[in-house]
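Participant: Take a look and give me a structure for this.
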Amino acid sequence: MNLVVVCGASGMVGRALIATLTQRGTAFAVVGRDPARLADQFPTAQRCMSWEGFRDGDSSDVGSIVNLAGAGVNDERWSPAYKKTMTESRLASTAVCASVCAENPTIHLINASSVHAYGIYTDDHAAFTESDRNRRVGTCYLQELIDEWEAATQPAADAGSAVSLLRIGVVLSMDGGALPPLATPFKFFIGGRYGTGKQVMSWISLRDLVAAIVFLIDRPDIEGPVNVVAPNAATNAEFARALGKAMKRPSSVPLPPAAVRVILGEAGDELVLAGQRVSPTKLLDAGFEFADRDISNCLEHLAARQAA
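Facilitator: Sure thing, here's the model as predicted:
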């Protein structure tokens, strides 16, 4: 049996992934801090395991591990304590997954990461591909976090496991993540660009993200960094116009950088006032088909679904 083990299953992406695996008839197991709660949430799971149980248990029937675990970057203000939590939660979960793969190198490890591997930029630039990491300039907290997070998978690669690193862009869904808070000002007719609007958002719809993960489960030959972003990134100004159009609201009230920093603190500089243009080169070359390639069509689809 090629069991798919999902770590971080309770999050927005994990829940959507398990729904798709269930529809496909794919056997799956889940890992988390509270196996009893996971059993209630995912009654069709083959196994519901604690991190310790997963690390020390039998993995002979596991074909792939999808590790999405880690404290959310949008969940709390970035205090020093919460930044430590974001880092340690990712490194600890990845260490367990890598150790399981090291014991059974036939397992394919699909580990979450982020486009922040390429750094952050306040204006447009040539798109980063998976081979362009050395082009990045400057440094920031999330870039340093991603470096450590990806490095934590190395024991799996050293043992001979296939390792795919999901460099994920901004995930767009009305069910959670970044979009609902970004859409809130538009609901009250005060939406617009953040800062100059020149910063680039490399984004991915939730349905395309899940489809890409499933695609990679079936393609362990696609190893190393994989940019999981839509083919057409958007500047923040373009995103604001598209969101206003989709919500039938104006998009003419910009939010100054100082206001963003007051609201979000350090996260505002790294998540909102800066970005990166990234190309999904490996996925496109492998023949992956995106449902959502254009920001306007994606947001109109999401707005229509919410209104239905």
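Participant: Would you confirm that residue 171 contacts residue 207?
Facilitator: No - the criterion here is Cβ atoms under 8 Å, and residue 171 misses it with residue 207 at 10.3 Å. (C-beta placed from N, C-alpha, C; glycine too.)
Participant: show me the contacts for the closest residue to residue 279 other than its chain neighbours.
Facilitator: Spatial nearest neighbour of residue 279, chain neighbours left out: residue 127 (4.1 Å); criterion: Cβ to Cβ, 6 or more residues apart in numbering. Applying Cβ atoms under 8 Å, 6 or more residues apart in numbering, we find residue 127 in contact with 233, 277, 278, 279.
Participant: Identify, from those, the entry nearest to residue 152.
Facilitator: Among the contacts of residue 127, residue 278 lies closest to residue 152 (Cβ to Cβ), at 21.7 Å.
Participant: how about that closest one, phi and psi?
Facilitator: phi -130, psi 140 (degrees, to the nearest 10).
Participant: ditto for the one 4 residues further on
Facilitator: Note on residue 282: backbone dihedrals following degrees, to the nearest 10 are phi -60, psi -40.
Participant: Then residue 194?
Facilitator: phi -100, psi 120.
Participant: Could you list everything it pairs with in the sheet?
Facilitator: Under DSSP bridges, the beta-bridge partners of residue 194 are residue 255.
Participant: ok, it - contacts?
Facilitator: 236, 240, 254, 255, 257, 260, 272, 273.
Participant: Highest neighbour count among those residues?
Facilitator: residue 240 (25 neighbours; other Cβ atoms under 10 Å).
Participant: Can you name the residues that contact that residue?
Facilitator: 191, 192, 193, 194, 197, 251.
Participant: can you rerun that using 10 Å?
Facilitator: Counting by Cβ atoms under 10 Å, 6 or more residues apart in numbering, residue 240 makes contact with 182, 185-186, 191-194, 197, 234, 250-255.
Participant: Check residue 68 too.
Facilitator: 6-14, 17, 93, 110-112, 166, 168, 213.
Participant: Go ahead and list the helix or strand containing the residue nearest to residue 197 when sequence neighbours are not counted.
Facilitator: Leaving aside its chain neighbours, residue 197 sits nearest to residue 237 (3.1 Å; criterion: Cβ to Cβ, 6+ apart). Assigned by DSSP states H and E, residue 237 falls within helix 236-247.
Participant: centre of the chain versus whatever helix or strand comes next after that helix, how much separation?
Facilitator: Following helix 236-247 in sequence order, the next helix or strand is helix 257-264 (DSSP H and E). The gap between the average C-alpha position of helix 257-264 and the chain average comes to 24 Å, counting by Cα atoms, centre = their mean, to the nearest Å.
Participant: Report the mean confidence score over stretch 151-166.
Facilitator: Throughout stretch 151-166, pLDDT has a mean value of 98.
Participant: what do you get for stretch 18-29?
Facilitator: pLDDT averaged over stretch 18-29 gives 98.
Participant: between residue 171 and residue 207, what contacts are shared?
Facilitator: residue 16.
Participant: With neighbour numbers in mind, choose between these two.
Facilitator: Higher neighbour count among residue 171 and residue 207: residue 171, with 22 against 18, using other Cβ under 10 Å.
Participant: Now list the buried members of the contacts of residue 68.
Facilitator: 6-14, 17, 93, 110-112, 166, 168, 213 (16 or more other Cβ atoms under 10 Å).
Participant: In contact with the residue positioned nearest the centre of the chain, which residues?
Facilitator: The centre of the chain sits closest to residue 168, judged by Cα atoms, centre = their mean, with a distance of 4.1 Å. Applying Cβ under 10 Å, 6+ apart to residue 168 gives the contacts 13, 68, 112-116, 202-204, 209, 212-213, 226-229, 278.
Participant: what bits of this structure have low per-residue confidence?
Facilitator: Residues of the chain meeting the criterion pLDDT under 70: 1, 308.
Participant: Strands of that one, residue ranges please.
Facilitator: 3-7, 28-31, 48-49, 62-67, 108-114, 163-168, 170-172, 200-201, 203-205, 224-228, 234-235 (DSSP state E).
Participant: in the protein, which spans are helices?
Facilitator: With helices called from DSSP state H, the chain shows them at 12-24, 35-41, 51-56, 80-103, 141-151, 154-159, 179-187, 206-217, 236-247, 257-264, 266-267, 281-285, 295-307.
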